[in-house]
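Asker: Fold the following.
(one chain, ligands or ions: 1)
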Amino acid sequence: MSLFPQNFASTVSHWQASVSSVVSYLSGTSFVSARRAHEQNRGPSSLYGHNATEPLPSHADYIIIGAGICGASLAYHLTRADAVGHGRRVVVLEAKDVASGASGRNGGHIGPASFLSFPSLIRPISQGGAGVSLEEGVKILENERETLAYAAEVITQEGLVDKVDFWKGYKYEVFTSPEGAQSSSSAYETYLQARYQSSLKEEPYEWALCTDPLEAAQKTRVSNAIAYNRGPAGSVHPHKLTTELLKIAMRSGAELYSWAPVKNLSRFGEGWEVETSRGMIKAGVVVLCTNAYTGGLFPESERGMGISAHLTPYRGHCANYTPPLSYSGPKSLDHSYVVENGMYIVSTPHSGIVAGTWAAATINHGLATRDEIYGILDDSTVLPSVEKWMKGWFERTFEGWNENGRGEGMGRLWTGIMAYSYDLLPLVGPIPNKPNLFAAVGFHGHGMARILTITRGLSQLLSTGKWDERLPTSFQITEMRLSRAKEEGKEVMGGEKWEIVRPVEEPGVGGE
Ligand SMILES: Cc1cc2nc3c(=O)[nH]c(=O)nc-3n(C[C@H](O)[C@H](O)[C@H](O)COP(=O)(O)OP(=O)(O)OC[C@H]3O[C@@H](n4cnc5c(N)ncnc54)[C@H](O)[C@@H]3O)c2cc1C
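Answerer: Purely as a prediction, here's the structure:
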């Protein structure tokens, strides 16, 4: 059954609604930039409703399904002068509007995972890990570090720094329990040993640890902090970045069709016939950038196997906060944060703070059941228990955070749907036994720190037929990965709900 059109109205995120200071306008067939205060992100210069009623073309060379950050970034890379889509027909089909999925609803954090994730990467799959070698685990973390550097490069080169509110600095990973601090120290030891034996041994490592409780509380301003790690991180307005990358691709000929949900894919010669609610399109190559919604593209007979079995959709909550005076101006938070069993936080350049909860934290605190988080595709509601907890979280967590006036504290609150991957790793490349059908999905709640390099690599693969050696090989979609999830995972999709049998692991800190 197709997951679109959805029978609910999604919540609206801060990013989907927010004000932009610099915008670009469509003038004739080209976009020109101009400064205009108070321009709504949904205003005339946005891509909302773009080609929502225009007839679809009958064919394309490349069809990208999904206009989140993944589809937008792939369209961008595929239409660069040296890529195979340059001068060819590249069509992006989106079920709703640009960045209407997770990409317009996330925390905006480009926070490369630290060594904290290392133990789960090298743990066997049977114990809930990714089951990769030490060398591969080091490469996976290096890929996230490189994605931040690459995001800075692309955003700067394309003149987008102000438009997409890009910030690059440091994040604190804050621990409030002795167990948390201890597991961080031991993950650090394990990681460093692996790194010194890996091909990256000569490269500098930018992370620092502090285990002095006094310094931890003073530096981070988290009242009950007892330790922290500090390493590189960034943030971005994810809706604007998605929109701007798509606009650049469109200037190079890519076409976006909003409100064109794909219902079915069937083989047609060497390529595919793509059935949408607005008609059929034939294409030589189709790429799925549909993340949590990917299972809906496969027929009932294939549900619970292949990619459908590997991915589990789940719901996250985020909110926008206006800091009180004690956290404004020179007293603003100058790092991004992840707080043990708490939230992840970015400070936006223009409009307060955005913070989100981890699924595991909401369950650990008894705010939600697993069934209210995992297997959920509905982003139309927020859980009242989570809302209440998030409302008072900054006051309970940060020293001297006193909300005085009405309008300070939590404002807009929303939900979004992301995709857990059975082995914690993204699925990238050709889909086995489906010639000319590719995917880049399953970012395990961490797409902002992965997608730009993954789509650069996927574009290279489509252009040259060769895997991008800069990407971890463990991201490749293999029959073994897919069959393992089917056999061990026992995840089945009935109607629109995935029933999860295997427990899903999530780090307490270091995720989004
Ligand atoms: C609340 C929340 C907070 C998060 N915070 C962070 C964070 O701070 N940092 C981080 O790194 N990651 C974060 N993530 C994860 C991150 O947002 C995702 O990994 C990333 O956005 C995935 O991008 P995507 O383009 O693959 O998926 P999406 O943005 O979900 O895009 C998929 C698109 O495909 C379209 N689509 C699906 N099926 C069809 C179909 N049949 N036909 C046509 N179109 C279709 C959908 O409408 C959607 O627009 C968060 C996610 C959520 C929900």
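
Asker: Just give me the residue right at the centre of this structure.
Answerer: Centroid-nearest residue in the chain, with Cα atoms, centre = their mean: residue 447, separated by 2.8 Å.

Asker: check contacts around residue 229.
Answerer: When contacts are counted by Cβ atoms under 8 Å, 6 or more residues apart in numbering, residue 229 touches 114, 116, 172, 173, 184, 188, 207, 208, 209, 210. To be clear about C-beta, it is placed using only N, CA and C from the backbone, and glycine gets the same treatment.

Asker: Redo those residues as TSV? Include secondary structure.
Answerer: Listed next are the contacts of residue 229 as TSV, based on DSSP: H, G, I helix; E, B strand; the rest coil:
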residue	secondary structure
114	coil
116	helix
172	strand
173	strand
184	helix
188	helix
207	coil
208	strand
209	strand
210	strand
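
Asker: Reformat those residues as TSV; add pLDDT, neighbour count and distance to residue 427.
Answerer: What follows is the contacts of residue 229, written out as TSV (pLDDT from 0 to 100; neighbours: other Cβ atoms under 10 Å; distance: Cβ to Cβ, whole Å):
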residue	pLDDT	neighbour count	distance to residue 427
114	94	28	23
116	94	25	23
172	97	25	31
173	96	29	27
184	95	23	29
188	96	18	29
207	95	18	28
208	94	10	34
209	96	16	33
210	97	19	37
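
Asker: just for the chain, where's the confidence low?
Answerer: Counting by pLDDT under 70, the chain has low-confidence residues at 1, 19-40, 304, 488-512.

Asker: And the helices in it?
Answerer: 14-17, 69-78, 118-122, 134-157, 178-196, 213-220, 238-251, 306-310, 359-364, 370-373, 384-397, 451-464, 479-484 (DSSP state H).

Asker: Among these, pick out the one with the most neighbours on average.
Answerer: helix 69-78 (a mean of 30; mean count of other Cβ atoms under 10 Å).

Asker: Specify the angle between that one and helix 451-464 in degrees.
Answerer: Counting by axes from the mean of the first three to the mean of the last three Cα atoms, to 10 degrees, helix 69-78 points 40 degrees away from the direction of helix 451-464.

Asker: distance between helix 69-78 and the chain's centre?
Answerer: Put simply, helix 69-78 sits 13 Å off its chain's centre (Cα atoms, centre = their mean, to the nearest Å).

Asker: okay, the angle between it and helix 238-251?
Answerer: Going by the same axes, to 10 degrees, helix 69-78 makes 30 degrees with helix 238-251.

Asker: Check which helices and strands helix 69-78 sits against.
Answerer: Using 3 or more Cβ pairs under 8 Å, 6 or more residues apart in numbering; DSSP states H and E, the elements in contact with helix 69-78 are strand 59-65, strand 90-93, helix 238-251, strand 437-441, helix 451-464.

Asker: Pipe the ones you listed into TSV and attach distance to residue 301 per row.
Answerer: Listed next are the helices and strands packed on helix 69-78 as TSV, based on distance: least, Cβ to Cβ, whole Å:
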stretch	distance to residue 301
strand 59-65	20
strand 90-93	23
helix 238-251	33
strand 437-441	16
helix 451-464	27
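
Asker: So for residue 376, which of those sits nearest?
Answerer: strand 437-441 (17.2 Å; Cβ to Cβ).

Asker: How about residues contacting that closest one?
Answerer: 70, 74, 265, 272, 285-291, 294, 307, 311, 419, 426-431, 451, 454-455, 458, 461-462, 477.

Asker: How about stretch 192-208?
Answerer: Counting by Cβ under 8 Å, 6+ apart, 114-115, 118, 122, 134-135, 137-139, 142, 145, 188, 229-232 sit against stretch 192-208.

Asker: repeat that with 10 Å
Answerer: 112, 114-116, 118, 121-122, 133-139, 141-142, 145, 170, 173, 188, 191, 228-232 (Cβ atoms under 10 Å, 6 or more residues apart in numbering).

Asker: how far away is residue 240 from residue 411?
Answerer: 19 Å (Cβ to Cβ, to the nearest Å).

Asker: Same question for residue 72.
Answerer: 27 Å.

Asker: next one: residue 173
Answerer: Taken as Cβ to Cβ, the span from residue 173 to residue 411 is 26 Å.

Asker: can you check residue 86 too?
Answerer: 43 Å.

Asker: what's the answer for residue 316, then?
Answerer: Counting by Cβ to Cβ - residue 316 and residue 411 are separated by 18 Å.

Asker: what do you get for residue 338?
Answerer: 21 Å.

Asker: For the two, indicate the residue with more neighbours.
Answerer: Remark: of residue 338 and residue 411, residue 338 carries more neighbours, 28 against 14, as counted by other Cβ atoms under 10 Å.

Asker: That one contacts residue 109, correct?
Answerer: Yes. Taking contacts as Cβ atoms under 10 Å, residue 338 lies within contact range of residue 109: 8.3 Å.

Asker: Now do the same contact list for the closest residue to the ligand within the stretch 351-500 of the chain.
Answerer: In the stretch 351-500 of the chain, the residue that lies nearest the ligand is residue 447 (2.2 Å; Cβ to the nearest ligand atom). Neighbouring residues of residue 447 by Cβ under 10 Å, 6+ apart: 68-70, 73, 102-103, 106, 110, 147, 238, 291, 418-419, 426, 440-441, 454, 512.

Asker: which of those come close to the ligand?
Answerer: Applying Cβ under 6 Å from any ligand atom to the contacts of residue 447, one finds that 68, 69, 70, 102, 103, 106, 291, 418, 512 fall near the ligand.

Asker: Just name the closest of those residues to the ligand, please.
Answerer: Using Cβ to the nearest ligand atom, residue 68 is the member of those that sits closest to the ligand, with 2.3 Å.

Asker: and the closest one, backbone torsions?
Answerer: phi -90, psi -170 (degrees, to the nearest 10).

Asker: do the same with residue 253
Answerer: With angles defined as degrees, to the nearest 10, residue 253 sits at phi 110, psi -10.

Asker: ok, now how distant is it from residue 296?
Answerer: Separation of residue 253 from residue 296 (Cβ to Cβ): 29 Å.

Asker: Neighbour count: those two, which is higher?
Answerer: Of the pair residue 253 and residue 296, residue 296 is the one with more neighbours under other Cβ under 10 Å, namely 21 against 14.

Asker: Get me the contact residues on the stretch 151-300 of the chain for the ligand.
Answerer: Counting by Cβ under 6 Å from any ligand atom, the stretch 151-300 of the chain sits next to the ligand at 261, 262, 289, 290, 291, 292, 293, 296, 297.

Asker: wait, I meant the stretch 401-512 of the chain
Answerer: Proximity of the stretch 401-512 of the chain to the ligand (Cβ under 6 Å from any ligand atom) is limited to residues 416, 417, 418, 443, 445, 446, 447, 448, 449, 512.

Asker: and if you look at the stretch 1-150 of the chain?
Answerer: So the stretch 1-150 of the chain meets the ligand at 4, 65-71, 93-96, 100-103, 105-109 (Cβ under 6 Å from any ligand atom).

Asker: at 5 Å what do you get?
Answerer: 65-66, 68-70, 94-96, 100-103, 105-107, 109 (Cβ under 5 Å from any ligand atom).
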